[in-house]
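Engineer: Any chance you could fold what I've pasted below:
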Amino acid sequence: MVRKMILVSVLMLTTVTMYAQRNASDYFVRTNNVKVVAQKAVADSTKELKETTRNIMNELFPRLSLCDWTDTMAFMVMPDKQDLVVRIFKDGNTGNRMSTTQLRHKILKYAGRTYNGSTENNRIYFVTDDQEKHPYYFEVPSGSFEDYCILKLGVPSLAYLNDIETARKTLIGKTLITKATSYWVDANYGEGADEISVPLDTEVKVVNVGIGTRKFPVKIIVEDGNGRQFFQNVAMSRTNSGLRDEEFNMMDNQNHTFNTAFDMLGDFALPSWHYKDYVGKTVFTLRATNMLGGREEVYRAPALTSFKIIAIKSLRDKRSVKMTLQHVKTKANYTKEVFIKNKLPNGNELGQLDNIYENLFAEGNPSNVKGISPSHLESIRQGKIQKGFSEAEVLLIRTDGYEVTHKDNKTYTWMFKALEGKTDLRVTFNKRTKRVVSFAESR
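Structural biologist: All right, here's what the predicted structure looks like:
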C-alpha cells in the first residue's frame, strides 16, 4: 500500500515556526525566586476576561487529540522514572533508539506523522526547536492511528508547552481563589518540593507560570496576602497528558486541573486588597439593617450602632463584597454583603439597592453627627420617634421614603407609606425649628 504522507515537514526540515525560538530554561520557575517573563506576556495578562471561568478555560485551552495536532505545537521532554528506562524516541536520521535521559528537557516541535492504513510503521515526527532542527520520531506501538486518537493516548514524556505560553499571557497578574487545601513550595534542596496546607478560598495573585510535569504541565505560582508563595501543577487543556478523563478524579490527580485547584474572580469583582483602606475603620449604621452572626443567625443591627470593619472579602462573579464587622461594645462579629460605590467598574449602576455601603454606614462617633442629639441616641436605636426629633433623626428610623402631605405657615407633614411590614407614619414638624411636634402611626 502506498504510504500517505501527512504533515511530514520533518523530512524536508522546512518547518515554519510561529513562535520565537524557545529556551528550555525560560520554563523553569520556582516559588520566591520569580523569573521575569516577556513584557508582552505581562501586558497581555491585563486584558479583561468577559466569559465565566469555565468558558474561558475551554476556549483558551482546547484539548487536542493526536489527530488534531499541528506544526505550531511544541513540547518539552519531561520523563518520569519509567520513561527514563524505556527508549521512547528514535533518531530521524539513523533510526536508532535514543536514550530518554539524553533528550531530557529538550524542546521538540511537532512536525507531522506518517500513516499507511495498517497497524505498523505509524510514526509521529518532531524536530528540535533550535537552529539544528534535528529530527526524531515516535512509533505508535499498537493499533491503528485513529484508535490511538480516540483513546486520548499520547506520546510519552512530552509536556505540552503551548498551554504554558497561553497561561502566562492569561493568568499572570490575575487574582485567583484557592479551591484545594494542599499546595507545594519548592524545596531548598535540588528539584524537590514540600507540601503545605492552605485554607480554602484564600485569595492569591498569580506571579509566574512555568513547566510542571508531563501529566500536569502548567506550574502556577501564586502569592497570598502575607507574601507566601506556593504552586500547583495543573493540566489546562489535558493535551497529551496521558490520562483518561476519569483518571483526573483519582485521589492523586483530583486537585491537578485548573478548575479543581483555583477559581477566578468574576468580571465585576476586585481583589480584596482594593478595599484595604476600609479595613480598621470604625463606622456606625445610618439605619437599622440585617447582618449575619457566627452561626448564620440574623442580627438586626439598630441605627447608630458602632462597628469596626475587620475584614473585606471579594465575592466570585459579584460586584458586592462580604464585610466582617465587629460590634464595638459586645465585640461580636457579624457579616454583611454590601456594594461600595466608588469601587465599582465604570458604567455599573446600583439603582435602588438597599445594601449600599455609603447609605448604610458613616464614619466616626454617632453622637457627633450634625442634627443628632446625644440624648436621642437610645430612642433612635430602638426605632422610636419622639417629640423634638430633628429631620435627620427621623430619617435614621424611617428610611423608606416620604411625601409632603401638608404645609402651612406653622407646620409641615411627612407621610411614610408602610413598606416591608412597617406601618404608615405621619410626622408633623414645626416649620421654624424643624423639630417634631406630633406623629401618628396607622395600619
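Engineer: How is Val206 assigned, secondary-structure-wise?
Structural biologist: The three-state label for Val206, taken from DSSP: H, G, I helix; E, B strand; the rest coil, comes out as strand.
Engineer: How about residues contacting stretch 276-284?
Structural biologist: Counting contacts by CB atoms under 8 Å, 6 or more residues apart in numbering, the residues outside stretch 276-284 that touch it are 304-312, 323, 325, 328, 340, 361-366. Bear in mind the C-beta positions are built from the backbone N, C-alpha and C, glycine included.
Engineer: List the contacts of the residue found closest to Cys67 once you drop the neighbours it is linked to in the chain.
Structural biologist: In this structure, Cys67 finds its nearest non-sequential neighbour in Cys149, 4.0 Å apart by CB to CB, 6 or more residues apart in numbering. By CB under 8 Å, 6+ apart, the contact set of Cys149 is Ser65, Leu66, Cys67, Asp68.
Engineer: give me that answer again for 10 Å
Structural biologist: Leu64, Ser65, Leu66, Cys67, Asp68, Trp69 (CB atoms under 10 Å, 6 or more residues apart in numbering).
Engineer: before we move on, back to that, show the buried residues in the contacts of stretch 276-284.
Structural biologist: By neighbour count, with 16 or more other CB atoms under 10 Å, the contacts of stretch 276-284 hold 304-309, 311-312, 323, 325, 340, 361, 366 as buried.
Engineer: TSV for those residues, including pLDDT and distance to Val204?
Structural biologist: Shown next, in TSV, are the buried ones among the contacts of stretch 276-284 (pLDDT from 0 to 100; distance: CB to CB, whole Å):
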residue	pLDDT	distance to Val204
Leu304	86	38
Thr305	90	34
Ser306	92	33
Phe307	95	28
Lys308	96	26
Ile309	96	22
Ala311	92	16
Ile312	92	16
Met323	94	21
Leu325	96	25
Ile340	87	22
Phe361	91	29
Pro366	80	38
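Engineer: want to throw those into CSV with distance to Lys407 and secondary structure?
Structural biologist: Below are the buried ones among the contacts of stretch 276-284 laid out as CSV (distance: CB to CB, whole Å; DSSP: H, G, I helix; E, B strand; the rest coil):
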residue, distance to Lys407, secondary structure
Leu304, 29, coil
Thr305, 34, coil
Ser306, 36, strand
Phe307, 38, strand
Lys308, 42, strand
Ile309, 41, strand
Ala311, 47, strand
Ile312, 44, strand
Met323, 40, strand
Leu325, 40, strand
Ile340, 37, coil
Phe361, 33, strand
Pro366, 30, helix
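Engineer: which among those residues gets closest to Phe389?
Structural biologist: Nearest to Phe389 among the buried ones among the contacts of stretch 276-284: Leu304, at 12.9 Å, using CB to CB.
Engineer: Check the spacing between the closest residue to that closest one other than its chain neighbours and Val436 real quick.
Structural biologist: Excluding its sequence neighbours, the residue lying closest to Leu304 (CB to CB, 6+ apart) is Pro366, at 4.2 Å. When distances are taken as CB to CB, to the nearest Å, Pro366 and Val436 turn out to be 19 Å apart.
Engineer: before we move on, what about Ser99?
Structural biologist: In terms of CB to CB, Ser99 sits 93 Å off from Val436.
Engineer: which one of those two has more residues nearby?
Structural biologist: For the pair Ser99 and Val436, the greater number of neighbours falls to Val436 (20 against 12), based on other CB atoms under 10 Å.
Engineer: Surely that one and Leu395 touch.
Structural biologist: No: taking CB atoms under 10 Å as the definition, Val436 is not a contact partner of Leu395, at 11.7 Å.
Engineer: intersection of neighbour lists for these two?
Structural biologist: Common neighbours of Val436 and Leu395 (CB under 10 Å, 6+ apart) are Phe389, Trp414.
Engineer: quick one: contacts for Phe389?
Structural biologist: 371-373, 376, 379-380, 395-397, 427, 429, 434-437, 439.
Engineer: Model confidence for it, exactly?
Structural biologist: In this model, Phe389 is scored at 94, pLDDT.
Engineer: Next: Ser9.
Structural biologist: Looking at Ser9, its pLDDT reads 38.
Engineer: Check Gln352 too.
Structural biologist: Among the per-residue scores, Gln352 shows a pLDDT of 50.
Engineer: how many neighbours does Met98 have?
Structural biologist: In terms of burial, Met98 registers 17 neighbours under the definition other CB under 10 Å.
Engineer: Was I right to think it contacts Ile88?
Structural biologist: Yes: look at Met98 against Ile88 with CB under 10 Å: they come within range, at 7.8 Å.
Engineer: what is in contact with these two at once?
Structural biologist: Val77, Tyr136.
Engineer: ok, now which ones touch the closest residue to Asn253 other than its chain neighbours?
Structural biologist: The spatially closest residue to Asn253, leaving aside those adjacent along the chain, is Glu247, at 6.1 Å (CB to CB, 6+ apart). Residues near Glu247 by CB under 10 Å, 6+ apart: Lys215, Ser241, Asn253, Gln254.
Engineer: Of the residues you listed, keep whichever come out buried.
Structural biologist: Buried by 16+ other CB under 10 Å: Lys215, Ser241, Asn253, out of the contacts of Glu247.
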